[in-house]
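Peer 1: Dropping a prediction and its sequence here:
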Amino acid sequence: LLATPEREETVEKLRVLEKTFQGVIERIGRLANSMEKFTQQERELSDGILGLEEEERSSLIQRQLTRESLVDVRDAEIEQLISAAREQFPKWQQRLEAAAEMARIRQYEADKARRERDLERRALAETHPETAEAFDPEDEDNARYDARRTELETHELEKYTIAAEDARKEWEDRLQHQVLDVLKEKLDEAERTKRELNRAMDHDIGGWRYQLSMKADRSHSAIWTLVDKGLNPGLELFAAGAKEEIEKAKAALMMAIENAEDPRHQRALDYRYYHHWDIQATPTGKGEGAAISLNKNAKKQSGGENQAPFFVAMLAAFQRVYDLGPKELRKNLGIVIMDEAFSKLSGDRIDSCLALARNFGLQLIMAFPEDRLPTMIQHAETVVQCRVDRSYDDKSGQITNIENWVVKVDRDKLVEALS
């Protein structure tokens, strides 16, 4: 009775609306699930972005640290290399492949460097076994070695510093007393000997006077400084501008001490090499400004001009060796033996040299040819004639016999015969 067309239409609309409502509810549920999934994906992507940003920051810091360790590498150069790589590999896939290849090459080089490093570490351990306690070549790092070094620097350095200072003082004490003091004494003695010889040589020899001269060899300048000043506390300040040279001189001297048998090092200990020696010849009556060096002019002079200073120096040296002392106390024979004596000297120079020998108190035994007899007889106390007689075979011409005849000559009769 109630079912009228209007009501049926209304009921139908209500049923359609209920179905539509139910569909909306289902759609809302699906959208809610989709939104929940989106939210989850959004959260995961956000976390990924944060992780990537952290990796980027770490990579940036690492890159900056790496750049700081590189010497003479500028950011502009790096940007230039990146731009060149982008132009060479325009596509991302090409860039990835190129990066992978470069990483492979760099990994190979790194492995090679690591192998070489391991070899060097093992060699170091074999060469210095004393480091075994703190250094293991199989370790991947130097943590133990660094810890030991830190311990030495913070706790034991002072002890070793004191020991090193004590060793240095002992070393320098040896250098001072065993080398420098001895060198100083020898050099002073050489200076005194030169003065004494020059006093002995100060005679007119054929219109010339000959004197020894000595000039310091500046190649030993640092050693000279050590010898003159010694290893006193003020030396470091005094030689501040030549500290390196002084250290080299100390090293050279100690090397000579430690290698006493090696002739290469002995010049540093031989005072005779510390001077350049010469003989100055000065015309009699002239000042020192007129003196000439025989070292420089010997080749320009005649044989006699060169032989005269030689005999003067030799006679003075013999007088120094014999050290005869005052005439009333002389006991040493003072014998000097010469062969072919004064062979290139003229008579007046021979007279001067022999007078010098007589003033020195020397006894000369000289061999000379007969043509020098008129000059030499005036100074000789005893003349002995030496003659050699040889017998020859008439057929072969070979010497068959040799006889030496030595005859003492009557000096007075000889002088009368030569006059």
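Peer 2: Structure received.

Peer 1: Got the phi and psi for residue 207?
Peer 2: phi 90, psi 10 (degrees, to the nearest 10).

Peer 1: again, but for residue 204
Peer 2: phi -80, psi 120.

Peer 1: That one: how many residues sit nearby?
Peer 2: 14 (other C-beta atoms under 10 Å). (Glycine included, C-beta is placed from N, CA and C.)

Peer 1: hang on, isn't it packed against residue 284?
Peer 2: Yes - Residue 204 is within contact range of residue 284, at 5.0 Å (criterion: C-beta atoms under 8 Å).

Peer 1: so the residue nearest to the spatial centre of the chain, which of the three states?
Peer 2: Most central in the chain under C-alpha atoms, centre = their mean is residue 248, positioned 6.8 Å from the mean C-alpha point. Remark: residue 248 carries the secondary structure label helix [criterion: DSSP: H, G, I helix; E, B strand; the rest coil].

Peer 1: Please spell out which residues along the host helix or strand of residue 104 are buried.
Peer 2: Using DSSP states H and E, residue 104 sits within helix 92-127. For helix 92-127, a neighbour-count test (16 or more other C-beta atoms under 10 Å) marks residue 121 as buried.

Peer 1: and it, what does it pack onto?
Peer 2: helix 75-88 (3 or more C-beta pairs under 8 Å, 6 or more residues apart in numbering; DSSP states H and E).

Peer 1: can I have the helix it packs on written out in CSV, keeping just the CAs?
Peer 2: C-alpha atoms of helix 75-88 as CSV (Å, rounded to 0.1, in the frame of the first residue of the first chain):
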residue,chain,number,x,y,z
ASP,A,75,91.8,24.6,-6.8
ALA,A,76,91.7,26.3,-10.2
GLU,A,77,93.9,23.4,-11.6
ILE,A,78,91.5,20.8,-10.1
GLU,A,79,88.5,22.6,-11.6
GLN,A,80,90.3,22.7,-14.9
LEU,A,81,90.9,18.9,-14.8
ILE,A,82,87.2,18.3,-13.9
SER,A,83,86.0,20.5,-16.8
ALA,A,84,88.3,18.6,-19.1
ALA,A,85,87.0,15.3,-17.9
ARG,A,86,83.4,16.4,-18.4
GLU,A,87,84.2,17.5,-22.0
GLN,A,88,86.0,14.2,-22.6
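
Peer 1: quick one, that helix and helix 92-127 angle?
Peer 2: Interaxial angle, helix 75-88 versus helix 92-127 (axes from the mean of the first three to the mean of the last three C-alpha atoms, to 10 degrees): 130 degrees.

Peer 1: what about residue 407, which helix or strand?
Peer 2: strand 399-409.

Peer 1: ugh, wrong one, I meant residue 211
Peer 2: Going by DSSP H and E, residue 211 is part of strand 208-216.

Peer 1: Which elements pack onto that strand?
Peer 2: Short answer (3+ C-beta pairs under 8 Å, 6+ apart): strand 208-216 packs on helix 181-201, strand 275-283, helix 303-322.

Peer 1: which stretches of the stretch 101-250 of the chain have low pLDDT?
Peer 2: 219-222, 225, 229-245 (pLDDT under 70).

Peer 1: What of the stretch 301-419 of the chain?
Peer 2: In the stretch 301-419 of the chain (pLDDT under 70), the answer is 301-306, 323-333, 347.

Peer 1: Let's see that with 90 instead.
Peer 2: Scanning the stretch 301-419 of the chain for pLDDT under 90 picks out the ranges 301-383, 385-390, 392-400, 404-419.

Peer 1: ranges for the helices of it?
Peer 2: 303-322, 347-360, 373-376, 411-418 (DSSP state H, counting those that start in this stretch).

Peer 1: Let me have those helices in JSON lines, extended by mean neighbour count.
Peer 2: As requested, the helices of the stretch 301-419 of the chain are exported to JSON lines (neighbours: other C-beta atoms under 10 Å):
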{"stretch": "helix 303-322", "mean neighbour count": "18"}
{"stretch": "helix 347-360", "mean neighbour count": "19"}
{"stretch": "helix 373-376", "mean neighbour count": "17"}
{"stretch": "helix 411-418", "mean neighbour count": "11"}
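
Peer 1: Reformat those as CSV; add distance to residue 277.
Peer 2: Compiled in CSV, the helices of the stretch 301-419 of the chain are given as follows (distance: least, C-beta to C-beta, whole Å):
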stretch, distance to residue 277
helix 303-322, 10
helix 347-360, 20
helix 373-376, 31
helix 411-418, 40
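
Peer 1: quick one, which of these is nearest to residue 261?
Peer 2: helix 303-322 (28.1 Å; C-beta to C-beta).
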